[in-house]
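*Asks:* using only what follows, build the 3D model:
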Amino acid sequence: AERQDAPERHRSLRAVFAHSWALLDPEEQGALCRLAVFRGSFDREAAQQVAAVSPARLAALLDQSLLQRVSGSGGGPTRYTMHDLVQRYALEKLDAAPRQAQQARAAHARYFLTWIAAQHARLTGPEVRPALLAIEAEYGDVQAAWEWATSQADVALLDAALLGMFYFYDTRFWAAEAERVFGQAVAQLAPGETRAARILANRLRACQGYFAASREGGVERGCALLQEALTAMRALEATEHLPFALNALSRVLHHLSAYGEAHRYSSESYVLSEQLGDRYNLVLARHMLGLLDQAQGRREESLRHFQEALTLAQAARFVKLETGILRALGVSHWRCGDFTRAGEYFVQTLENCRAIGDRYGEGKTLTALGAVSFQGEDVTAADAYYQEGLHIARDIGDRRSEGITLNNLAEVQASRKDYAQAR
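*Replies:* Down below sits the predicted model:
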């Protein structure tokens, strides 16, 4: 009976919407249509910038129950939302006028991609956590804006927004989503009629490769994508974009234990970054050189790289990079048996990760603290750290860390002679 009544209810609702629509003047109708492009709630500034809707017009639509007022998070500005059925009806009206629909979606994309471009500096500096929370709150609109710009092959908008998108996905460890988003953009831009489009397509391919390599079973795929992007950018003489690709490729080769090749890429990135004045990639390259020396047992050389990278990161207030370097210093002391000093570095790292909302880093650091506790024969603490790290790995979909932590927990149970649990 409910299914039989559904079409009649839908017809009744459409009749209500049609009646309400007829009561609006043309300017109010246009305003409602333009506001329908928002995927989530929006504030007055966004309504003005995207849809050219004034506060007075918002109030009029609110009075007619075509919009609802919602509280801004954290005491932020008042926001507005539209019921799904009203939005669907308004979008139908908007799409019936293709030129107006194109203009509305273009304005929406410009606003949100310009906004996320401005988040780049916050995501690499001390304001990581508020930037993450702000982007998460607007992610539906950011995603829609990116998809529209991708469908239009809008090189300027995508180029401006790329690093903001990258650092958001990286800090949140949304590797699968990032690989999909960047991969779709590569497919759309790959033919590349202009040099700018070809450079952007390969910057996007480098991002796609970075995230592919971060996923379980994706290291070789990611490595191939990064090598393809790097080769293409060299041919295009896109020197200013090489340090990012070189650092990303070195990171993957380090994972594959191809230390010599990785060292060459990191060294090249370091020199180029210094020439370009690219402090962020300079710190990354120095950190990577330290990790490569560490992996090959060259402790003094690795510590020199880490200390220099840490000094640079702290001076520039690159908090996320600082956190990774502190973890590397902890690993260095742990490997030489100085568990007390290692634990101090890991605790500091953990505090930083929690302060900036880096859950991937938090999980890795908890696992490191578990290892230090286990080797210091504090099995209870090790078990607690590993369990918390395992929970985070599963929550964010980090299969690689999940496997490592499960093996560590098996060691803990075996040390307690609980062999059934260890299995």
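
*Asks:* show me the strands in the stretch 1-150 of the chain, by range?
*Replies:* With DSSP state E, counting those that start in this stretch, the ranges of strands along the stretch 1-150 of the chain come out as 42-43, 68-70, 79-81.

*Asks:* what mean pLDDT does the shortest one get?
*Replies:* Spelled out, it's strand 42-43. The pLDDT scores in strand 42-43 average 94.

*Asks:* what strands line up against it, and which way round?
*Replies:* strand 79-81 (antiparallel) (DSSP bridges).

*Asks:* re the thing from before, most tightly packed of the strands of the stretch 1-150 of the chain?
*Replies:* strand 42-43 (a mean of 20; mean count of other C-beta atoms under 10 Å). Every residue, glycine included, has its C-beta placed from N, CA and C.

*Asks:* centre of the chain to the helix or strand hosting residue 176, how far?
*Replies:* When elements are assigned from DSSP states H and E, residue 176 belongs to helix 175-189. Centroid separation for helix 175-189 versus its chain: 13 Å, with C-alpha atoms, centre = their mean, to the nearest Å.

*Asks:* tell me what it is packed against?
*Replies:* Here helix 175-189 touches helix 128-151, helix 155-172, helix 195-214, going by 3 or more C-beta pairs under 8 Å, 6 or more residues apart in numbering; DSSP states H and E.

*Asks:* now those as JSON lines including mean pLDDT?
*Replies:* Output for the helices and strands packed on helix 175-189, formatted as JSON lines (pLDDT from 0 to 100):
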{"stretch": "helix 128-151", "mean pLDDT": "96"}
{"stretch": "helix 155-172", "mean pLDDT": "97"}
{"stretch": "helix 195-214", "mean pLDDT": "97"}
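
*Asks:* among those, which is the most enclosed?
*Replies:* Taking mean count of other C-beta under 10 Å, helix 195-214 is the most buried of the helices and strands packed on helix 175-189, at a mean of 24.

*Asks:* which strands and helices sit next to the next helix-or-strand element following it?
*Replies:* Heading C-terminal from helix 195-214, the first helix or strand you meet, by DSSP H and E, is helix 219-235. Other elements packing on helix 219-235 under the criterion 3+ C-beta pairs under 8 Å, 6+ apart are helix 195-214, helix 242-255.

*Asks:* export those helices to JSON lines and tack on distance to residue 62?
*Replies:* Listed next are those as JSON lines, based on distance: least, C-beta to C-beta, whole Å:
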{"stretch": "helix 195-214", "distance to residue 62": "40"}
{"stretch": "helix 242-255", "distance to residue 62": "45"}
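
*Asks:* of all those, which lies closest to residue 368?
*Replies:* Smallest distance to residue 368 across the helices and strands packed on helix 219-235 (C-beta to C-beta): 17.0 Å, for helix 242-255.

*Asks:* next, the buried residues of that closest one.
*Replies:* Across helix 242-255, burial judged by 16 or more other C-beta atoms under 10 Å covers 242-254.

*Asks:* could you do stretch 173-190 as well?
*Replies:* 173-175, 178-179, 181-186, 188-189.

*Asks:* of those residues, which is the nearest to residue 35?
*Replies:* Relative to residue 35, the closest of the buried residues of stretch 173-190 is residue 181; by C-beta to C-beta it sits at 25.3 Å.

*Asks:* give me every residue that touches the nearest residue to the closest one once chain neighbours are set aside.
*Replies:* Of all residues not flanking residue 181 in the chain, residue 146 sits nearest, at 6.6 Å (C-beta to C-beta, 6 or more residues apart in numbering). With contact taken as C-beta atoms under 8 Å, 6 or more residues apart in numbering, residue 146 is in contact with 109, 113, 158, 161, 165, 181, 185.

*Asks:* so which of those comes closest to residue 29?
*Replies:* Of those, the one sitting nearest to residue 29 (C-beta to C-beta) turns out to be residue 109, at 22.6 Å.

*Asks:* who's in contact with that closest one?
*Replies:* Here residue 109 is in contact with 144, 145, 146, 148, 149, 152, 154, 157 (C-beta under 8 Å, 6+ apart).

*Asks:* how about the buried residues of stretch 173-190 in JSON lines, adding pLDDT and distance to residue 42?
*Replies:* JSON lines is the format used below for these (pLDDT from 0 to 100; distance: C-beta to C-beta, whole Å):
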{"residue": "173", "pLDDT": "92", "distance to residue 42": "28"}
{"residue": "174", "pLDDT": "95", "distance to residue 42": "23"}
{"residue": "175", "pLDDT": "95", "distance to residue 42": "29"}
{"residue": "178", "pLDDT": "97", "distance to residue 42": "25"}
{"residue": "179", "pLDDT": "97", "distance to residue 42": "29"}
{"residue": "181", "pLDDT": "97", "distance to residue 42": "22"}
{"residue": "182", "pLDDT": "98", "distance to residue 42": "26"}
{"residue": "183", "pLDDT": "97", "distance to residue 42": "29"}
{"residue": "184", "pLDDT": "96", "distance to residue 42": "25"}
{"residue": "185", "pLDDT": "96", "distance to residue 42": "25"}
{"residue": "186", "pLDDT": "96", "distance to residue 42": "30"}
{"residue": "188", "pLDDT": "92", "distance to residue 42": "27"}
{"residue": "189", "pLDDT": "91", "distance to residue 42": "29"}
